[in-house]
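> The sequence and its predicted three-dimensional model are supplied below.
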Amino acid sequence: MTDNSSETSIDSMEQTPQAIASDPGAAPEDEVSKRGGKTRQLLGMRGAEAGETSLWKIRLQLMKPITWIPLIWGVVCGSVSSGQFTWTFDHVLAAAACMLLSGPLLAGYTQTLNDFYDREIDAINEPYRPIPSEAISIPQVTAQILTLLFAGLGVAYALDQWAGHSFPIMTALAIGGSFLSYIYSAPPLKLKQNGWLGNYALGASYIALPWWAGHALFGELNLTIVLLTLFYSMAGLGIAVVNDFKSVEGDRQLGLKSLPVMFGVATAAWICVLMIDVFQGGVAAYLISIHQNLYAVILVLLLIPQITFQDMYFLRNPLENDVKYQASAQPFLILGMLITALALGHAGV
């Protein structure tokens, strides 16, 4: 659900080799910087520039490929926690299809939908984005949203048929997740207007939903897995809050009650890191309760570098160091998810 959360051409700005040769003052490092900016643009990250004219690149940017990674990882964790995934061709192919469903299709749908409804905010915070910069038309954006949605539902239905589900749980999860994405971004509910509810919705979308999909594809989704991943999604709320720091001014102007707007930047940064650390510690305690002590210890040890990077970057300057923080600290949370999945699969939960 949050947050979250969404992030970022420069072809027209890049100099040709001839132009560089004719301009002695052109610095090679500037070209490297531009190429880096182009990559950030395609991935949907913050800090890109306007100027892209290729429609497929613009469409890809709207889908924010950088946000697919945690959903794909969630499918991996769900597959592992089922305890029934095997390295056979059909299982690998089914898992890949589930990753396509959760990442490029439905996450792409969610991110494009979010940008559509955030176009007024983006005009203030990130005017270079495709919609406010008018690099792509509204009808083209609408067509992309519908194409990704129905493609996702089609893949979910095919996975139900492959798994032989008597109840189409993959399709139900796809419909539920798509509906959640809609009410997160669109009025009248627009859950993202509420910092707590919106960010939790985003966190659950990035942790619980793909986990459920992977688990249900190969095993039987049960109440324990549902509740534990919803609990784990409170850590995802902390991740989702990170995305709110880049849009504080626009959120304030448009009346969106993000946590940085409600509590201030410094307090919201503490809320963010505590949500991640406390709930990850809570999952470790659960693993101890089901006698998966080794996995619990590993999970706790992963907190050490995570807390270190939180202090080094995020708590000291969340507005400037959000990307550095995400790159340095969040991999330990993501690895912790896999450790938890391995423990659950080993315990037969």
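It's in. Numbering: from 1, shown residues only.

> only C-alpha atoms for contact and neighbour calcs from this point on.
Fine.

> domain assignment for this structure?
Using automatic domain parsing, the domain ranges for the chain come out as 1-230, 258-349.

> What separation is there between R316 and A216?
For R316, the distance to A216 (C-alpha to C-alpha, to the nearest Å) stands at 41 Å.

> buried ones in the top helix by length along the chain?
Longest helix in the chain by number of residues (criterion: DSSP state H): helix 318-347. Using 16 or more other C-alpha atoms under 10 Å as the test for burial, helix 318-347 gives 318-319, 321-326, 328-345.

> Which elements pack onto that helix?
Helix 318-347 sits against helix 68-81, helix 265-289, helix 293-309, with contacts defined as 3 or more C-alpha pairs under 8 Å, 6 or more residues apart in numbering; DSSP states H and E.

> among the ones you listed, which is nearest I207?
Among the helices and strands packed on helix 318-347, helix 68-81 comes nearest to I207, with 5.8 Å by C-alpha to C-alpha.

> what's the nearest residue to G236 if we skip its chain neighbours?
Of all residues not flanking G236 in the chain, G203 sits nearest, at 3.9 Å (C-alpha to C-alpha, 6 or more residues apart in numbering).

> Who are the packing partners of the helix or strand harbouring the one you found?
Assigned by DSSP states H and E, G203 belongs to helix 195-206. Using 3+ C-alpha pairs under 8 Å, 6+ apart, the elements in contact with helix 195-206 are helix 68-81, helix 169-185, helix 223-242.

> for it, what is the average pLDDT?
Averaging pLDDT along helix 195-206 yields 90.

> which other helices and strands contact the following helix or strand past that helix?
Next along the chain after helix 195-206, taking DSSP H and E as the criterion, comes helix 208-218. Packed against helix 208-218 by the contact rule (3+ C-alpha pairs under 8 Å, 6+ apart) you find helix 68-81, helix 89-100, helix 138-163, helix 169-185, helix 223-242.

> Out of those helices, which is the most enclosed?
Most buried of the helices and strands packed on helix 208-218 by mean neighbour count (mean count of other C-alpha atoms under 10 Å) is helix 68-81; its value is a mean of 26.

> helices or strands up against it?
helix 89-100, helix 106-117, helix 195-206, helix 208-218, helix 318-347.

> With distance to A172 as new columns, can these be given to me in TSV?
Converted to TSV, these look like this (distance: least, C-alpha to C-alpha, whole Å):
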stretch	distance to A172
helix 89-100	14
helix 106-117	13
helix 195-206	14
helix 208-218	10
helix 318-347	23
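
> Of all those helices, which one is nearest L62?
That would be helix 106-117 among the helices and strands packed on helix 68-81, by C-alpha to C-alpha, at 5.2 Å.

> With only the CA atoms kept, save that closest one in PDB.
In PDB, the C-alpha atoms belonging to helix 106-117 read as follows (Å, rounded to 0.1, in the frame of the first residue of the first chain):
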ATOM      1  CA  LEU A 106       0.500  -4.400 -10.800                       C
ATOM      2  CA  ALA A 107       3.300  -2.300  -9.300                       C
ATOM      3  CA  GLY A 108       3.500  -0.500 -12.700                       C
ATOM      4  CA  TYR A 109      -0.200   0.000 -12.600                       C
ATOM      5  CA  THR A 110      -0.100   1.400  -9.100                       C
ATOM      6  CA  GLN A 111       2.800   3.800  -9.800                       C
ATOM      7  CA  THR A 112       1.200   5.100 -13.000                       C
ATOM      8  CA  LEU A 113      -2.100   5.500 -11.300                       C
ATOM      9  CA  ASN A 114      -0.400   7.300  -8.400                       C
ATOM     10  CA  ASP A 115       1.300   9.700 -10.800                       C
ATOM     11  CA  PHE A 116      -2.000  10.400 -12.500                       C
ATOM     12  CA  TYR A 117      -3.700  11.500  -9.300                       C
END
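
> That one vs helix 89-100, what angle?
Computed by axes from the mean of the first three to the mean of the last three C-alpha atoms, to 10 degrees, the angle separating helix 106-117 from helix 89-100 equals 10 degrees.

> Contacts made by helix 106-117 with the rest, please.
Residues outside helix 106-117 that contact it (C-alpha atoms under 8 Å, 6 or more residues apart in numbering): 5-6, 62-65, 67-68, 71, 122, 131, 141, 144-146, 148-149, 152, 174, 178, 181-182, 185-186.

> Least confident secondary structure element in the chain?
Ranking every helix and strand in the chain by mean pLDDT, DSSP states H and E puts helix 17-22 at the bottom, with a mean of 38.

> on that earlier part again, quick one: the domains of the chain as CSV, columns for distance to G238 too.
Listed next are the domains of the chain as CSV, based on distance: least, C-alpha to C-alpha, whole Å:
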stretch, distance to G238
domain 1-230, 8
domain 258-349, 4
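
> Which among these is found nearest to V248?
Among those, the nearest to V248 by C-alpha to C-alpha is domain 258-349 (6.2 Å).

> Between the two ends of that closest one, how far is it?
Using C-alpha to C-alpha, one end of domain 258-349 lies 36 Å from the other.
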